[in-house]
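Undergrad: structure, please.
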Amino acid sequence: MTVRVFASLEEVKGALDRPIGPGEWLVVDQERVDAFADATGDHQWIHVDAERAASGPFGGTIAHGYLTLSLIPMFGQQLFRLDLGQARVNYGLNKGRFPAPVPVGSRLRARATFVDLRETGAGNALTTRYTIEIDGVDKPACVAETVTIVVR
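TA: Predicted structure coming up:
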């Protein structure tokens with residue numbers, strides 16, 4: 001997939017409500033899940049104990065929801081680049097949901113849609129909805145709206 005480059009706010013406005021992607025598949029392996037558990041201190045057995053998780057509600061270990069959410073910057077770089085403003089600052093999330101669990105070994109990819117662009121005192125606030133798909137699963141792993149401030 002070719003990264004879509006936006007060089008002006010007008011180009012971003014023209015792309016509102018038009019899906020971008022999907023990006024490349026990424027396999028979520030146990031090593032990544034364990035590293036995330038170590039980084040966050042979340043060592044819940046459904047994520048890190050393969051033996052116990054095998055007889056648990058998901059039939060094996062699953063990725064943390066926040067691990068899936070944390071992949072958004074990587075997926076976003078695969079999909080688009082904003083070549084405008086002095087800087088881009090992560091302002092936060094409007095919404096974040098995890099409709100389906102991500103079994104370890106699953107392949108994920110993302111799509112993005114710019115859903116709002118508005119002027120603020122700090123710059124232009126761009127709201128982007130990401131949908132992270134699981135290969136072969138109808139429900140997405142994550143749907144989240146991020147807000148990025150494009151600093152003047």
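
Undergrad: please count neighbours and contacts with C-alpha atoms only from this point.
TA: Noted.

Undergrad: D116 sits in which helix or strand?
TA: strand 107-119 (DSSP states H and E).

Undergrad: please enumerate the strands of this structure.
TA: 4-6, 26-27, 80-82, 87-97, 107-119, 123-134, 142-151 (DSSP state E).

Undergrad: residues contacting the residue most central in space within the chain?
TA: By C-alpha atoms, centre = their mean, the chain has its centre lying nearest to I72, at 2.6 Å. By C-alpha atoms under 8 Å, 6 or more residues apart in numbering, I72 lies in contact with 110, 130.

Undergrad: ok, F58 next?
TA: Neighbours of F58 in contact, by C-alpha under 8 Å, 6+ apart: 101, 103.

Undergrad: what about V143, how many residues nearby?
TA: 22 (other C-alpha atoms under 10 Å).

Undergrad: beta partners of the closest residue to it other than its chain neighbours?
TA: In space, V143 comes closest to T131 once its chain neighbours are excluded; the distance is 4.6 Å by C-alpha to C-alpha, 6 or more residues apart in numbering. In this entry, T131 is beta-bridged to R111, V143, by DSSP bridges.

Undergrad: quick check: T131 vs D138, distance?
TA: From T131 across to D138, the span is 12 Å (C-alpha to C-alpha, to the nearest Å).

Undergrad: can you give the distance of stretch 105-119 from its chain's centre?
TA: Offset of stretch 105-119 from its chain centre (C-alpha atoms, centre = their mean, to the nearest Å): 6 Å.

Undergrad: for it, the averaged confidence score.
TA: Averaged across stretch 105-119, pLDDT comes to 98.

Undergrad: only alpha carbons, please: show that stretch as PDB.
TA: Extracted in PDB, the C-alpha atoms of stretch 105-119 (Å, rounded to 0.1, in the frame of the first residue of the first chain):
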ATOM      1  CA  GLY A 105      -1.000 -15.300  16.600                       C
ATOM      2  CA  SER A 106      -3.800 -13.200  15.000                       C
ATOM      3  CA  ARG A 107      -3.100 -10.900  12.100                       C
ATOM      4  CA  LEU A 108      -4.200  -7.300  12.400                       C
ATOM      5  CA  ARG A 109      -4.400  -4.400  10.000                       C
ATOM      6  CA  ALA A 110      -6.100  -0.900  10.100                       C
ATOM      7  CA  ARG A 111      -8.200   1.500   8.100                       C
ATOM      8  CA  ALA A 112      -8.500   5.200   9.000                       C
ATOM      9  CA  THR A 113     -11.000   7.800   8.200                       C
ATOM     10  CA  PHE A 114     -10.700  11.500   9.000                       C
ATOM     11  CA  VAL A 115     -14.000  12.400  10.600                       C
ATOM     12  CA  ASP A 116     -13.500  16.000  11.800                       C
ATOM     13  CA  LEU A 117     -11.200  18.900  11.300                       C
ATOM     14  CA  ARG A 118     -11.700  22.100  13.300                       C
ATOM     15  CA  GLU A 119      -9.700  25.200  14.400                       C
END
